[in-house]
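J.: Sharing a model prediction with you, sequence too.
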Amino acid sequence: NTSSSDATIKGFSKPGGNMVGITGHLCGRIKAKFGDEFGRWCGFSLLGKYGREILVMTAYNVCQTTAAGDDTLHQQQQSQYLREYNDNNITSDKETFINPKKQFLKDLRKILDAATKRQSDIILTGDFNEVIGDSNNDLTMLMSSFGLIDVHSDKHGFDHQIATHKRGSKRIDYI
């Protein structure tokens, strides 16, 4: 399953997007597939043990806090948000609404809240471009509010973190 923004780009390649796959006997357990029109996430709803739903999703949150070029995923999402803001006469704060990092967290919260209300098990993977656990940042608080745990830290402890970005020294990718 995949997702990509529907923004038009000028060049050959298009930054951003997600892909997640299910193979083997789990293919027969797929109840639903979902993707995101902004290219932020995609996933599956699986039939689990005793009929319980398992939400499996992968996500990508833009790394930039401001627009950094015409074809970056940040710019693609920001232009889509602006179009939606103007087309639907939205009255919320425009600067917050068109901020891809803030909208990512707001919309992800809606998905996780709906899954929690259905009593679904949640497996969330992603390139979040933010450090979870260093502070009470918005992403850390979101994960905590849904009782999500970082599998790597749970298994190996917080003292054994690995950098997941070639130019960085911190983990920004999680399961």
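T.: Okay, I see it. What you see is a predicted model; the values in this text were computed from it and never measured.
J.: Only C-alpha atoms from now on, for both contacts and neighbour counts.
T.: Noted.
J.: bridging residues for residue 33?
T.: According to DSSP bridges, the partner residues bridging residue 33 are residue 44.
J.: Any buried residues in the host helix or strand of residue 78, and which?
T.: Applying DSSP states H and E as the criterion places residue 78 in helix 73-87. Across helix 73-87, burial judged by 16 or more other Cα atoms under 10 Å covers 73, 74, 75, 76, 77, 78, 79, 80, 81, 82, 85.
J.: Could I get those in a markdown table, plus columns for distance to residue 136 and pLDDT?
T.: Shown next, in a markdown table, are the buried residues of helix 73-87 (distance: Cα to Cα, whole Å; pLDDT from 0 to 100):
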| residue | distance to residue 136 | pLDDT |
| --- | --- | --- |
| 73 | 26 | 75 |
| 74 | 24 | 76 |
| 75 | 27 | 77 |
| 76 | 28 | 78 |
| 77 | 25 | 77 |
| 78 | 25 | 78 |
| 79 | 29 | 78 |
| 80 | 29 | 80 |
| 81 | 26 | 78 |
| 82 | 29 | 80 |
| 85 | 29 | 72 |
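J.: now the residues you listed in CSV, with distance to residue 20?
T.: Shown next, in CSV, are the buried residues of helix 73-87 (distance: Cα to Cα, whole Å):
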residue, distance to residue 20
73, 19
74, 21
75, 24
76, 21
77, 20
78, 24
79, 25
80, 23
81, 24
82, 28
85, 29
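J.: And those, which is closest to residue 34?
T.: Nearest to residue 34 out of those is residue 77 (Cα to Cα; 18.0 Å).
J.: In terms of secondary structure, what does the helix holding residue 78 contact?
T.: helix 94-97, helix 100-117 (3 or more Cα pairs under 8 Å, 6 or more residues apart in numbering; DSSP states H and E).
J.: Just give the nearest non-adjacent residue to residue 52, would you?
T.: Excluding its sequence neighbours, the residue lying closest to residue 52 (Cα to Cα, 6 or more residues apart in numbering) is residue 120, at 6.5 Å.
J.: Repeat that for residue 122.
T.: Nearest to residue 122 is residue 55, by Cα to Cα, 6+ apart, at 4.8 Å.
J.: Let me know whether my guess that the one you found is in a helix holds.
T.: No. Looking at residue 55 with DSSP: H, G, I helix; E, B strand; the rest coil, it is strand, so not inside a helix.
J.: isn't it right next to residue 42, touching?
T.: No. Judged on Cα atoms under 8 Å, residue 55 makes no contact with residue 42 at a distance of 10.5 Å.
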